[in-house]
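In: Predicted model follows, preceded by the sequence.
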Amino acid sequence: MAIKKQYLKSKPICKVTFSIEAPDAKKVVVVGSFNDWNAKKAPLKKLKNGTFKATVDLDKDSSYEFKYVVDGEFVNDTAADAYAWNDFAGAENSIVTV
């Protein structure tokens, strides 16, 4: 799992690339506070090596909770910037800070 951040000089935006190795998975999406936890808004593309990747534009100077959904199972990112307890989910969510 990995998170790559690319800050734009021309806009107050950071391009965040989410990636997760899931060679046996059929579908992976990233859901979070940046897309209203909507699984249809950020599908990850499967690469030949079994890694799923997607890039999302996020506003700078903010933190966002997120999780991966791997074939219907919620998974945290081991490379997250932090973790936060979520009472609604009854579990921790990953945090990315940009």
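Out: Looks like it came in fine.
In: Show me the strands in the chain, by range?
Out: For the chain, the strands defined by DSSP state E occupy 2-7, 13-21, 28-32, 45-46, 51-59, 63-70, 73-75, 82-86, 91-97.
In: Highest mean neighbour count out of those strands?
Out: strand 28-32 (a mean of 23; mean count of other C-beta atoms under 10 Å). Every C-beta, even on glycine, is put in place using the N, C-alpha and C of the backbone.
In: could the strands of the chain go into a markdown table alongside distance to Asn38?
Out: As requested, the strands of the chain are arranged in a markdown table below (distance: least, C-beta to C-beta, whole Å):
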| stretch | distance to Asn38 |
| --- | --- |
| strand 2-7 | 20 |
| strand 13-21 | 15 |
| strand 28-32 | 7 |
| strand 45-46 | 17 |
| strand 51-59 | 12 |
| strand 63-70 | 11 |
| strand 73-75 | 14 |
| strand 82-86 | 16 |
| strand 91-97 | 15 |
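In: Turn those into CSV, including mean pLDDT.
Out: Rendered in CSV, the data for the strands of the chain read as follows (pLDDT from 0 to 100):
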stretch, mean pLDDT
strand 2-7, 95
strand 13-21, 97
strand 28-32, 97
strand 45-46, 97
strand 51-59, 97
strand 63-70, 97
strand 73-75, 95
strand 82-86, 95
strand 91-97, 96
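In: Between these, which one is closest to Ala39.
Out: Shortest separation from Ala39 across the strands of the chain is recorded for strand 28-32, at 4.7 Å, computed as C-beta to C-beta.
In: Distance from the chain centre to that closest one, please.
Out: 6 Å (C-alpha atoms, centre = their mean, to the nearest Å).
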